[in-house]
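Participant: Below are the sequence and a predicted model for it; my questions follow.
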Amino acid sequence: MPPAYLLIALLGLSTAAYYFGRRKAFALSGRAEGAAKLHSRPTYHGALTALWCGIPALLIFGFWLVFENQVITHLVVKELPEAIRSLAPDRMNLVINDIRNIESGSFASQAAEPAIQAAADHYHRLRSISNHALAAVSIALLTAIAVLVRGRITAGLRARNQVEAILTVLLVACSTIAIFTTIGIILSVLYEAIRFFKVIPITQFLFGLDWSPQMAIRADQVGSSGAFGAVPVFLGTILISAIAMVVAVPIGLMSAIYLSEYAGKRLRAVAKPLIEVLAGIPTVVYGFFAALTVAPVIRDWGSRLGLDVASESALAAGLVMGIMIIPFVSSLSDDFINAVPQSLRDGAYSLGATRSETIRQVIVPAAIPGIIGGVLLAVSRAIGETMIVVMAAGLSANLTVNPLKAVTTVTVQIVTLLVGDQEFDSPKTLAAFALGLILFIVTLCLNVIALYVVRKYREQYE
Amino acid sequence: MLTLTRVDETALAGTMTEIHLKAKGGTDAGRPRVSREKRETVGTVTVENPRMVCRNVNVYYGDKQAIKNVSIDIGCNEVLAMIGPSGCGKSTFIRCLNRMNDTIEGCRVTGDILLDGVNIHDKDVDVVPLRAQVGMVFQKPNPFPKSIYENVAYGPRIHGMARDKSELDAMVETSLKKAGLWEEVKDRMDQPGTGLSGGQQQRLCIARTIAVNPEIILMDEPCSALDPIATSVIEDLIFELRSQYSICIVTHSMQQAARVSQRTAYFHLGDLIEVGPTERIFTNPRHELTQDYITGRFG
């Protein structure tokens, strides 16, 4: 039986266990009124039975699948002829791959050595034994528990509490998955970055003013030796993000003020989702909008004014990115402006403040922590934004703050460093991880600060 | 205004005759009360020297009528208490007096509300000076998230009342003194107003209102969020403020109305049922609904 069917069967049996447990509970409650009054409702008894039966079976199923391959491979390797077994580990891996491919039939080895063919057959046999064993063990376990549990379903069983406890564990497990994923990503990036810093000193990376990551791949190749000073790259990111924020913060904030304080209910109901549509446009669309529409327009205007504008200017990428993050600013600001209690507005109005005085002097100051939180989230979004800058910003790392020049960003460099065939131990490739690590740290800090600010503000009015 | 007063009294005539019809042979204390079904205002709504005159005021929220044909005067240097069960329209009515209802969508006010002979709902009346003239204190203390000083200085600032910093300082100090808060906060004027206790916050809001030199102060259940001690401090304050301002206070506490006010108005489901000197309202109400309310039959 293939494992997928077995999984369905196990889930089906667990469902059956639910009805089984529930019926038992109904039977208990029906038999003796009053005296055998159930502690929990029958559905809880059913759910508890299902969980008792299902969870061990599914755990066995999971662990079995995880370790099955290793065990079988180990057994197969033991049976291989001495000549193959004594191969170097990387060659050995190839052989094992061959065996697995032949076994799964996806790779018809035309001239498989008899020894390998035999090993593949052996592998196949072991696997089918394993599958059957798994089916037998898990179903037997499930049934055995069902029989055992039957006796434990009594009127006094605190089924509800136990189900709640199991659910709590489940919820905790789910939330830890997210946390552990984050930790895993940090560790993997950190590991590669440390390898990079072994080759290039971290001070040179953080403070170097020259970025040209081209390295000679072969010893005899003519090429630069590579320079990994990340300052121009980070400066480019900061420049483009700053332009984006200059666009997004005033527009976003003012549209939020208009929508929350001036606009009527009907207009607001239409306009707010429309603004939020901006956040739903794929960034790649923004990318070609920036590269093909905005950049040429800026260059033309620049030349009319007698300015020398690069066709991949930071201004074009920054402007379009700013438009993209308007909804981040406006939506959060709008929420926080709305969260300012009506009583503060009443207070200001009752003193004879006009609407704009009320907004400028009372409402915005009261909402400012939340607005700052929203802006910080938008900044971290802008710094991490990739697609727009890949398409619209340049590749050359110029050390400049002139928005009319082409600059490059951290994300663009990561993309160019990793796209295509790369050697995974050259500093050029590893530099991507170092950049990624710094980028991650920066956005993480921004996010933490933003969330802290936002939470602090929430407490103030609740 | 005089003619208006006359009109009002003739409107009351019907009610009065009914009282007399029922009162045949009875003493004043024992005379029968106006029946629960009647909705005309009982008692004298006018005063000798009114500061604010309201005639036939109706308020609608969309299609729902919240205030029905209410006429009442607010005298100089008096405290007028408005009592009545929840949802009877006291707050709605008081919010008409400085046009705070303008900020509520779908709210419509008809009738005359005269301040210094001018209908405050006229098109050419500016709400900014109106609200400076008619200040308001709310149910929940709502200090701005600014320093104590800035809270009080806010009104004078937006109205450009002070020429320089020292004048503004003086205004803040006077207002805080009038509100009886000066001694408690004079050493921490730069701390946030939201950090004060509830009663202090409410006195700060009163100081903030006083700072713009209003003639009338509207108070919408100013003590309902406060403990008894803070409440009694505010009540003493209201008593003192009466010498300089006209005060209109909405309250749920009949004891409070009895303690602080000279006149009391009883509202019921949007109707002004009875108006009279506070003592008379609480000892000898003429309308059955008023009696029901003050004896605690409902409300």
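Facilitator: On my side now, so go ahead.

Participant: tell me the secondary structure for B:Arg163?
Facilitator: coil (DSSP: H, G, I helix; E, B strand; the rest coil).

Participant: Could you measure from it over to B:Ile210?
Facilitator: 19 Å (Cβ to Cβ, to the nearest Å). C-beta: built from backbone N, CA, C; applies to glycine.

Participant: Comparing the two, which residue is more hemmed in?
Facilitator: B:Ile210 (24 against 8; other Cβ atoms under 10 Å in any protein chain shown).

Participant: Spell out which residues belonging to the stretch 201-350 of chain A are near chain B, please.
Facilitator: Proximity of the stretch 201-350 of chain A to chain B (Cβ under 8 Å from any Cβ of the partner chain) is limited to residues A:264-265, A:341, A:343-350.

Participant: of these, closest to A:Ala120?
Facilitator: A:Lys265 (70.6 Å; Cβ to Cβ).

Participant: correct me, but that closest one touches B:Glu105?
Facilitator: Yes. Using Cβ atoms under 8 Å, A:Lys265 is in contact with B:Glu105, at 7.1 Å.

Participant: Please, which helix or strand holds the spatially most central residue of chain B?
Facilitator: The centroid of chain B falls nearest to B:Cys248 when counting by Cα atoms, centre = their mean (2.2 Å). Secondary structure assigned from DSSP states H and E places B:Cys248 in strand B:246-250.

Participant: for that strand, which positions count as buried?
Facilitator: Neighbour-count burial for strand B:246-250 flags B:246-250 (criterion: 16 or more other Cβ atoms under 10 Å in any protein chain shown).

Participant: Adding pLDDT and distance to A:Val412, write the residues you listed out as JSON lines.
Facilitator: Formatted as JSON lines, the buried residues of strand B:246-250 follow (pLDDT from 0 to 100; distance: Cβ to Cβ, whole Å):
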{"residue": "B:Ser246", "pLDDT": "92", "distance to A:Val412": "70"}
{"residue": "B:Ile247", "pLDDT": "94", "distance to A:Val412": "68"}
{"residue": "B:Cys248", "pLDDT": "94", "distance to A:Val412": "67"}
{"residue": "B:Ile249", "pLDDT": "94", "distance to A:Val412": "67"}
{"residue": "B:Val250", "pLDDT": "94", "distance to A:Val412": "64"}
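
Participant: Within reach of chain A, which of the residues you listed are there?
Facilitator: Applying Cβ under 8 Å from any Cβ to the buried residues of strand B:246-250, none is adjacent to chain A.

Participant: Tell me the one among the residues you listed nearest to chain A.
Facilitator: B:Cys248 (13.1 Å; Cβ to the nearest Cβ).

Participant: Would you mind confirming that that closest one makes contact with B:Pro214?
Facilitator: No. Assessed by Cβ under 8 Å, B:Cys248 is found out of contact with B:Pro214, at 11.3 Å.

Participant: now the helices: where do they sit in the stretch 251-400 of chain A?
Facilitator: A:265-280, A:283-288, A:295-304, A:314-339, A:342-350, A:355-357, A:364-384, A:387-392 (DSSP state H, counting those that start in this stretch).

Participant: For A:Thr443, which of those helices is the nearest?
Facilitator: That would be helix A:364-384 among the helices of the stretch 251-400 of chain A, by Cβ to Cβ, at 4.2 Å.

Participant: Any part of that closest one near chain B?
Facilitator: Yes. Helix A:364-384 comes into contact with chain B (Cβ under 8 Å from any Cβ), by way of A:365-366.

Participant: buried residues in that helix?
Facilitator: A:364-367, A:369-384.

Participant: Likewise for stretch B:260-269?
Facilitator: B:260-268.

Participant: what distance separates the start and the end of that stretch?
Facilitator: Using Cα to Cα, to the nearest Å, the end-to-end distance of stretch B:260-269 comes to 24 Å.

Participant: With stretch B:67-86 instead?
Facilitator: First residue to last in stretch B:67-86 (Cα to Cα) measures 13 Å.

Participant: Now do A:Cys53 against A:Val149, distance only.
Facilitator: 7 Å.

Participant: what mean pLDDT does stretch A:408-417 have?
Facilitator: The average pLDDT for stretch A:408-417 rounds to 89.

Participant: Can whichever strand or helix holds B:Thr110 be said to contact chain A?
Facilitator: Assigned by DSSP H and E, B:Thr110 belongs to strand B:107-115. No. Using Cβ under 8 Å from any Cβ, strand B:107-115 stays clear of chain A, with a minimum separation of 13.6 Å.

Participant: so what secondary structure elements neighbour that strand?
Facilitator: strand B:50-61 (3 or more Cβ pairs under 8 Å, 6 or more residues apart in numbering or on different chains; DSSP states H and E).

Participant: For the strand it packs on, which residues meet the burial criterion?
Facilitator: For strand B:50-61, the neighbour count (16+ other Cβ under 10 Å) marks B:50-59 as buried.

Participant: Turn the residues you listed into JSON lines, including pLDDT and distance to chain A.
Facilitator: Shown next, in JSON lines, are these (pLDDT from 0 to 100; distance: Cβ to the nearest Cβ, whole Å):
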{"residue": "B:Pro50", "pLDDT": "89", "distance to chain A": "22"}
{"residue": "B:Arg51", "pLDDT": "89", "distance to chain A": "18"}
{"residue": "B:Met52", "pLDDT": "91", "distance to chain A": "16"}
{"residue": "B:Val53", "pLDDT": "93", "distance to chain A": "21"}
{"residue": "B:Cys54", "pLDDT": "93", "distance to chain A": "18"}
{"residue": "B:Arg55", "pLDDT": "92", "distance to chain A": "24"}
{"residue": "B:Asn56", "pLDDT": "92", "distance to chain A": "25"}
{"residue": "B:Val57", "pLDDT": "93", "distance to chain A": "19"}
{"residue": "B:Asn58", "pLDDT": "93", "distance to chain A": "22"}
{"residue": "B:Val59", "pLDDT": "93", "distance to chain A": "17"}
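
Participant: Chain B: strands as residue ranges?
Facilitator: Under the criterion DSSP state E, chain B contains strands at B:50-61, B:64-75, B:79-83, B:107-115, B:118-119, B:134-137, B:216-220, B:246-250, B:263-268, B:271-277.

Participant: tell me which strands and helices the third one is in contact with?
Facilitator: Strand B:79-83 is packed against helix B:90-96, strand B:246-250, helix B:254-260, strand B:263-268, with contacts defined by 3+ Cβ pairs under 8 Å, 6+ apart.

Participant: returning to what we had before: just list whatever residues bridge to the residue nearest to the centre of chain B.
Facilitator: With DSSP bridges as the criterion, B:Cys248 is bridged to B:Leu80, B:Leu218.

Participant: wait, A:Val443 sits on A:Ala378?
Facilitator: To be clear, residue A:443 is Thr; Val isn't right here. No. Checked against Cβ under 8 Å, the pair A:Thr443 and A:Ala378 is beyond contact range at 11.5 Å.

Participant: got the residues of the stretch 1-150 of chain B near chain A?
Facilitator: B:98, B:100, B:103, B:105, B:127-132, B:135-136, B:138, B:140, B:142-146.

Participant: cutoff 6 Å now
Facilitator: B:103, B:128, B:131-132, B:136, B:138, B:140, B:142, B:144-145 (Cβ under 6 Å from any Cβ of the partner chain).
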